[in-house]
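1. fold the following for me, if possible:
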Amino acid sequence: MIAPINVSDLKTYPLKKRYSKVRVADFATPWKRGGSFKAFCDGLPDILAVKSLRAVARAIAKAHRKRRPVIIGIGAHVIKVGLAPIITDLMERGIVTAVAMNGAGIIHDFELALMGHTSEEVDAEIDEGRFGMAEETGRILNDAIILGAAAGQGLGEAIGTYMHHAAPQFPNRRTSILATGVRLGIPVTVHVAVGTDIIHMHPSADGAAIGATSLLDFRRLTAVVAKMEGGVYVNIGSAVILPEVFLKTLSLGRNLGHPISNITTANMDFLVHYRPQTNVVRRPTQKGGQGYSLTGHHEIMLPLLAAAVLEELG
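-> Okay, the predicted model is just below:
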């Protein structure tokens, strides 16, 4: 049998000389009824995700004060969970200076502006081949894209412009990120993977128009990212398309000689995915700046971040 090791000569040191990651000073403050939102924010524990949330809020506020770009990339789910008013408010305030979305984003933005509701029950429709077959969604969006291509517009601009020209059709256009972008002159770009969106199934879909307008949007987003030094990019709820798009815009901008190193990036999602962590948080900031991850449900985390930014700006 092996004898147990003799620990009588173990070397120790005083606890007060050890570095500790958690201190009482960092603890949360219990909530008091009737308090302000600032008191709530200040009372959060200054540990882990709260430190990241505060850092991202400070970075956005700093970029806004210095008139540097604050870009957000969103998956369609962000719109589906009712967060368009949060985004359009930040656009109205001049805090968010550009928005990028995937192809599905235009579906929900459009349907909400047109009808005030969106998000069909896929399980109930797929068996009969009815999924994605809403007539107005397919016809009008494809018409808007074709008109936009003919006018030399990007895809996001094309749909936002259509909403303004046909304003009576869109009683809820104030909730539309696309329409708000056109009204304020803020770029809202759309990055499409052909075949992923329901409007691609419709007979009016024009691949040349979709491709031309989405490519123009890619180059327009690159022009914004190229001037992003000192700015912020936040990816919210896109696991594949927008992280890939952002990395390409960054590489293209740097290739063309733009200094894009001192930047802040953040990924917000309720699951941790490979591409956002790699292509948003880590790779873009490996030559400078800082990347953060904020994990949680969009409908809680984005309003919290937006409010924290407003409090930071005073």
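
2. can you give me the strands in the protein?
-> All strands of the chain, identified by DSSP state E, fall at 70-74, 98-102, 188-191, 232-236, 264-269, 290-295.

3. looking at those strands, which is nearest to K51?
-> Closest to K51 of the strands of the chain is strand 290-295 (C-beta to C-beta; 9.1 Å). Quick note: C-beta positions are derived from backbone N, CA and C, even for glycine.

4. what is the mean pLDDT for the closest one?
-> Mean pLDDT, strand 290-295: 97.

5. note down every partner strand of it and its orientation.
-> Pairing partners of strand 290-295, with direction, according to DSSP bridges: strand 264-269 (parallel).

6. quick one: buried residues of the strand it pairs with?
-> 264-269 (16 or more other C-beta atoms under 10 Å).

7. please compute how far the lengthiest helix in the chain lies from its chain's middle.
-> Longest helix in the chain, counting residues (DSSP state H): helix 207-225. From the chain centre to the centre of helix 207-225 is a distance of 18 Å (C-alpha atoms, centre = their mean, to the nearest Å).

8. now the helix or strand of the chain with the lowest mean pLDDT, how far from the centre of its chain.
-> One helix or strand of the chain scores below all others by mean pLDDT, DSSP states H and E: helix 122-125, with a mean of 74. Centroid separation between helix 122-125 and its chain, computed with C-alpha atoms, centre = their mean, is 27 Å.

9. likewise for stretch 224-241?
-> Centroid displacement of stretch 224-241 relative to its chain, using C-alpha atoms, centre = their mean, is 8 Å.

10. ditto for stretch 189-198
-> Relative to the chain's own centre, stretch 189-198 is displaced by 16 Å; criterion: C-alpha atoms, centre = their mean.

11. can I get that stretch as PDB, trimmed to CA atoms?
-> These are the backbone C-alpha positions of stretch 189-198, laid out as PDB (Å, rounded to 0.1, in the frame of the first residue of the first chain):
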ATOM      1  CA  THR A 189     -28.700  47.300 -44.400                       C
ATOM      2  CA  VAL A 190     -30.100  43.900 -45.200                       C
ATOM      3  CA  HIS A 191     -27.900  40.900 -45.700                       C
ATOM      4  CA  VAL A 192     -29.600  38.000 -47.500                       C
ATOM      5  CA  ALA A 193     -28.800  34.300 -48.000                       C
ATOM      6  CA  VAL A 194     -31.000  33.400 -51.000                       C
ATOM      7  CA  GLY A 195     -33.500  30.700 -50.200                       C
ATOM      8  CA  THR A 196     -33.600  31.400 -46.400                       C
ATOM      9  CA  ASP A 197     -36.600  33.800 -46.400                       C
ATOM     10  CA  ILE A 198     -40.300  33.100 -47.300                       C
END
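
12. report the buried residues of it.
-> Neighbour counts over stretch 189-198 (16+ other C-beta under 10 Å) mark 189-192, 197-198 as buried.

13. so which of those residues is the closest to A209?
-> V192 (10.7 Å).

14. show me where the protein has helices.
-> For the chain, the helices defined by DSSP H cover 37-42, 49-65, 76-80, 84-92, 103-115, 122-125, 135-150, 155-165, 177-184, 207-225, 241-255, 274-276, 298-313.

15. need the ones you listed in a markdown table (columns: mean neighbour count and distance to K16).
-> Formatted as a markdown table, these follow (neighbours: other C-beta atoms under 10 Å; distance: least, C-beta to C-beta, whole Å):
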| stretch | mean neighbour count | distance to K16 |
| --- | --- | --- |
| helix 37-42 | 14 | 28 |
| helix 49-65 | 19 | 24 |
| helix 76-80 | 23 | 47 |
| helix 84-92 | 19 | 45 |
| helix 103-115 | 24 | 54 |
| helix 122-125 | 11 | 59 |
| helix 135-150 | 19 | 65 |
| helix 155-165 | 24 | 58 |
| helix 177-184 | 24 | 53 |
| helix 207-225 | 19 | 48 |
| helix 241-255 | 20 | 44 |
| helix 274-276 | 19 | 41 |
| helix 298-313 | 18 | 34 |
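
16. among these, show the one with the smallest mean pLDDT.
-> Mean pLDDT values for those show the minimum at helix 122-125, a mean of 74.

17. for it, packing partners?
-> Counting contacts by 3 or more C-beta pairs under 8 Å, 6 or more residues apart in numbering; DSSP states H and E, helix 122-125 is packed against no other helix or strand.

18. picking that back up, out of the strands of the chain, deepest packed?
-> Highest mean neighbour count among these (mean count of other C-beta atoms under 10 Å): strand 188-191, with a mean of 28.

19. so what are the sheet partners of it and their directions?
-> The partner list of strand 188-191 in its sheet, established with DSSP bridges, is strand 98-102 (parallel).
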